[in-house]
Structures are given as structure tokens and as C-alpha cells.
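Asks: the following block contains a protein sequence and its predicted model.
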Amino acid sequence: MSQETDLLDSNFVAPAQYKEFDFPIEFSFKIGTLANDFIATDAKGATIAYVRQKMFKFKEAIMIYTNDKKTDLLYKINADRIIDFNASYSFTDANDNVLGRVGRRGMRSLLKAHYEIFDNENKTEYAIREENPWSKVFDALLCEIPLLGMFSGYLFNPRYGVFDNDGKIFARLSKKPSFFGRRFKLEKLEDLPEGDGERMMLALMMMILLERRRG
């Protein structure tokens, strides 16, 4: 049994086994709070993770728990430098074992989001690419129009595909129509090799936090 699974109670399945959950998985941000937190639930509505971003940190610091009571820590995501566009974000489990990392792909991410996922040996496994980058442009324009700007979250919603090194797509993350851009849906398109689902899920969680800040 893996170290991650040892940390959990009998009602929780580790993120490395996310592919066994009922997809799609939904990420829902809390509103009305200072913290940039969200909950991940499966198709049956069961909570599979609670993601909390620490506030007022010079370096990004993300804690992932089994639920919003924050009693059981599963993972940590930490930036390798003070807030920077080219920062890399490392994944560790609750025992500080390194699992991999995710980072933006330099200038390519200025308009069209592009991230790369690395394994614990620093080898590139997957790329996350924004599939409809113009949605953010139109969303920003609509937000400047009085009254109509309130509905931008229902009209322009970005999509992100997860591709392997051969260009095959394995999953897609989409923002769902909603006020404040608070809900995202993750669909599995292909089965992932054993162990890769853990890093993919952690990378997407970090990417959502970064991209939601951009708009």
C-alpha cells in the first residue's frame, strides 16, 4: 500500500487512483472568503479533496486535505521562488516525498496557457494547453460593458487539454457557466498509466489557482 493511502481513512481514495472515481470531477471555489479555496467532488457529489491556498505568502503555498475540516493532510504544492511568472511548483506528499512538479512554458503562456508536468525524476510527462484562448479576451472585453459584464461567466469559458508527449489528449478541464467563474469540470478522455493521475490532478489544481487569478 502506498504512503498516500496509509494517510487516509477507509472512506477516501488517494488522488493516484482518481481514474477509478466517477467522472466528471468538479472543482467548486468558495465565494465570500479571503482564502482561494476549492473542493473537488466526483460525479456522485462525494468530496475527494479540499484545496487551500495559504494567504499572504511571498511564495505560493498550497495544502490539500481530505475534506474542509483540514484534519488529514494529503499533499503540499510549493513554488520554487517568490511570486514570478516563470515559477515552478513542486508536489510533495504529507511526508515530504517529492512526487513531481508543474511549470509554465515561458512566453507561450502569455496569451495561451501552456504548462508542463514533470515526474519525480524531472522528466516531462504531459502538457496542459489552453484550447480556446480567445475566450479570455472576449470575457475581459464584455466585463467592461455595464450590466452585460455580469453575464461574462456564462458566455466565455476556457478549456484546457492534458496531452502526452505524442500529442494524445487524456483529459479536459473546462470552466462551467457560472457567476464569478467558480466551477470547473474535469473529464477523463483516456485512461492514464499507473501513477500518472496523481501528478495530473495536482498540476491541474495548481493551474486553476494561477489561471483563475489571470481572469
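Replies: Great, that's in hand. Numbers count the residues shown, from 1 in each chain.

Asks: C-alpha from now on. contacts and neighbour counts both.
Replies: Noted.

Asks: how about the helices in the chain?
Replies: Assigned by DSSP state H, the chain shows helices spanning 3-6, 134-143, 152-155, 196-214.

Asks: which of those helices has the lowest mean pLDDT?
Replies: Looking at these, the lowest mean pLDDT belongs to helix 3-6 (a mean of 42).

Asks: low-confidence stretches in the protein?
Replies: 1-21, 32-35, 56-58, 83-85, 106-110, 133-156, 178-181, 213-215 (pLDDT under 70).

Asks: from E116, how far out is the closest residue to F118 other than its chain neighbours?
Replies: Excluding the flanking residues, the one nearest F118 by C-alpha to C-alpha, 6 or more residues apart in numbering is T124, at 4.4 Å. Using C-alpha to C-alpha, to the nearest Å, T124 is found at 7 Å from E116.

Asks: between these two, tell me which one has more neighbours.
Replies: E116 (21 against 16; other C-alpha atoms under 10 Å).

Asks: that one reaches G100, doesn't it?
Replies: No. When contacts are counted by C-alpha atoms under 8 Å, E116 is not listed as touching G100 (10.8 Å).

Asks: just the strands in this structure please.
Replies: 25-29, 38-41, 47-53, 61-65, 73-79, 88-93, 98-104, 114-118, 124-130, 159-164, 169-175, 183-188 (DSSP state E).

Asks: any chance of CSV for these, columns distance to E211?
Replies: As requested, these are exported to CSV (distance: least, C-alpha to C-alpha, whole Å):
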stretch, distance to E211
strand 25-29, 13
strand 38-41, 14
strand 47-53, 14
strand 61-65, 15
strand 73-79, 15
strand 88-93, 14
strand 98-104, 11
strand 114-118, 11
strand 124-130, 10
strand 159-164, 11
strand 169-175, 11
strand 183-188, 12
